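A.B. asks: sequence and predicted model, in that order:
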Amino acid sequence: MKETNTASASPEARAAMHEMMAAFEAFKGANDARLDEIEKKASADALLEEKVARIDQAVAQAQARMDRALSESRRPMLGAEPPAVVAAPEAKAAWDGYMKSGQAHGLELKAGLSSASNSAGYVVPPETERAIERRLMAGSPMREIATVRTVGSGVFRKPVSTAGVQAGWVAETAARPETDPATLALLEFSSADLYACPAATQSLLDDALIDLDEWLAAEVEDAFAAQETAAFVNGDGVNKPKGFLAYANATEGTQTWGQIGAVASGAAGAFASASPVDKLIDLIYAPKAQYRPNGRFVMNRRTVSAVRKFKDADGNYVWSPATRPGETASLLGYPVTEIETMPDVAANSLSIAFGDFARGYLIVDRAGCGCCATPIRPSPMCCSTRPSAWAAGCRISTRSS
């Protein structure tokens, strides 16, 4: 499981972890009582159902607080110390001057691809790009579990084997007939631009203690992470990444190259009423053995709430909370990653995914984020002609393999 050093975790993260573990114990007690009532009376008391739902929400909120505390502890502050590797002083001064005044003296102009023929932008300094990357890694759950690669060109091509080299047995002195070679497919990753236009106040521009690189990264972080995460799951691949759920799917065992195997839940738009855990076990053992050691579940919080109530044949809960800060909750011994853009449980919804995402999903970033300062149009209440808005963008592509 993914984890961090417990000793370095913040007091808020440790407190949230203890709160979550206590809430889960209370949840098990309440849910056990609910299941007993269902077994005896065929239904549970409405107040008991409400109690279970309330405690379940408390478990989810404690987990979210712990994750948020750990994420914030990894984020640099706006007035933080500069990174170890920084741009030359004159380049840094030119960049800061551009951010504050819009003056491009000393910057290297880079033509931008846009509908406007006179559009142009500027490549941000390496430390600004790294600040954006650090925040995206902390804020995007898919970047934490997939493989991320940075390239310098607009198109990245990766050959993959769809059928391995064949081998055979022969006697020591017997002839060795030629075996079938590997079958290769060429995956092509074309980059798409992701952009946002953050705006700043005049006082922020004039504040010498504010690190504008970190400020810009912080401003675009949430917007970029939300757009990325949605595309990594459901994107159609048109001017955006293609999500892993956007690929064609087929019943497990019948899928071919380029298709995703699917396991039915056992009921239309729901989990099976009897032994729903069996289908989760089927899902775990659907991938080949080499993909299971680093396998993980991906689902949204509402689906987590549903599977948190599941028990195995011995009456043990199959969902377990994190036992230390930085560790993820687990389901049947495999870590669970919550991604809000995963579908809710419904007919043909593909609401739970399982696999080795590091081997199955590749995110390709094109090196060099761009930034273009844009003056805000003066209004009767604002006469400043200094720039207070920026268009910042990065180029990203993905494929599922």
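C.D. replies: Received it, and whenever you're ready, just let me know what you need.

A.B. asks: the stretch 101-250 of the chain: helices as residue ranges?
C.D. replies: Assigned by DSSP state H, counting those that start in this stretch, the stretch 101-250 of the chain shows helices spanning 126-139, 141-145, 202-206, 212-234.

A.B. asks: nearest to residue 184, out of the ones you listed?
C.D. replies: Distances from residue 184 to each of the helices of the stretch 101-250 of the chain were compared using Cβ to Cβ; the minimum, 25.5 Å, belongs to helix 212-234. No exception for glycine: its C-beta is placed from N, CA and C like everyone else's.

A.B. asks: how far off centre is that closest one?
C.D. replies: The gap between where helix 212-234 is centred and where its chain is centred comes out at 11 Å by Cα atoms, centre = their mean, to the nearest Å.

A.B. asks: got the angle for it vs helix 126-139?
C.D. replies: Angle of helix 212-234 versus helix 126-139, following axes from the mean of the first three to the mean of the last three Cα atoms, to 10 degrees, is 40 degrees.

A.B. asks: show me what helix 212-234 is packed against.
C.D. replies: Using 3 or more Cβ pairs under 8 Å, 6 or more residues apart in numbering; DSSP states H and E as the contact criterion, the neighbours of helix 212-234 among helices and strands are helix 89-101, helix 126-139, helix 141-145, strand 192-196, strand 361-375, strand 387-400.

A.B. asks: how about it as PDB, C-alpha atoms only?
C.D. replies: Output in PDB follows, covering the C-alpha atoms of helix 212-234 (Å, rounded to 0.1, in the frame of the first residue of the first chain):
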ATOM      1  CA  LEU A 212       4.600  34.400  -7.900                       C
ATOM      2  CA  ASP A 213       5.800  31.000  -9.300                       C
ATOM      3  CA  GLU A 214       4.000  29.200  -6.400                       C
ATOM      4  CA  TRP A 215       1.100  31.500  -6.600                       C
ATOM      5  CA  LEU A 216       0.600  30.700 -10.300                       C
ATOM      6  CA  ALA A 217       0.900  27.000  -9.600                       C
ATOM      7  CA  ALA A 218      -1.600  27.200  -6.700                       C
ATOM      8  CA  GLU A 219      -4.100  29.100  -8.800                       C
ATOM      9  CA  VAL A 220      -4.200  26.600 -11.700                       C
ATOM     10  CA  GLU A 221      -3.800  23.500  -9.500                       C
ATOM     11  CA  ASP A 222      -7.500  22.800  -8.700                       C
ATOM     12  CA  ALA A 223      -8.700  23.700 -12.200                       C
ATOM     13  CA  PHE A 224      -6.000  21.500 -13.900                       C
ATOM     14  CA  ALA A 225      -6.500  18.600 -11.500                       C
ATOM     15  CA  ALA A 226     -10.300  18.500 -11.900                       C
ATOM     16  CA  GLN A 227     -10.100  18.700 -15.700                       C
ATOM     17  CA  GLU A 228      -7.300  16.100 -15.900                       C
ATOM     18  CA  THR A 229      -9.000  13.700 -13.600                       C
ATOM     19  CA  ALA A 230     -12.300  13.800 -15.500                       C
ATOM     20  CA  ALA A 231     -10.500  13.300 -18.800                       C
ATOM     21  CA  PHE A 232      -8.300  10.500 -17.500                       C
ATOM     22  CA  VAL A 233     -11.400   8.500 -16.600                       C
ATOM     23  CA  ASN A 234     -14.000   9.400 -19.200                       C
END
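
A.B. asks: avg pLDDT for it?
C.D. replies: Confidence for helix 212-234, expressed as mean pLDDT, is 83.

A.B. asks: and that helix, what's buried?
C.D. replies: Of the residues in helix 212-234, 212-221, 224-225, 227-234 count as buried by neighbour count, 16 or more other Cβ atoms under 10 Å.

A.B. asks: re earlier: tell me which of the helices of the stretch 101-250 of the chain sits nearest to residue 253.
C.D. replies: Of the helices of the stretch 101-250 of the chain, nearest to residue 253 by Cβ to Cβ is helix 212-234, at 24.1 Å.

A.B. asks: the closest one vs strand 192-196, what angle?
C.D. replies: Calculated by the same axes, to 10 degrees, helix 212-234 forms an angle of 130 degrees with strand 192-196.

A.B. asks: residue numbering should commence at 51 henceforth.
C.D. replies: Fine by me, first position is 51 from now on; the one you just mentioned is helix 262-284.

A.B. asks: ok, back up a step: let's have the helices of the stretch 151-300 of the chain in a markdown table, adding distance to residue 87.
C.D. replies: Written out in a markdown table, the entries for the helices of the stretch 151-300 of the chain read as follows (distance: least, Cβ to Cβ, whole Å):
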| stretch | distance to residue 87 |
| --- | --- |
| helix 176-189 | 42 |
| helix 191-195 | 36 |
| helix 252-256 | 57 |
| helix 262-284 | 37 |
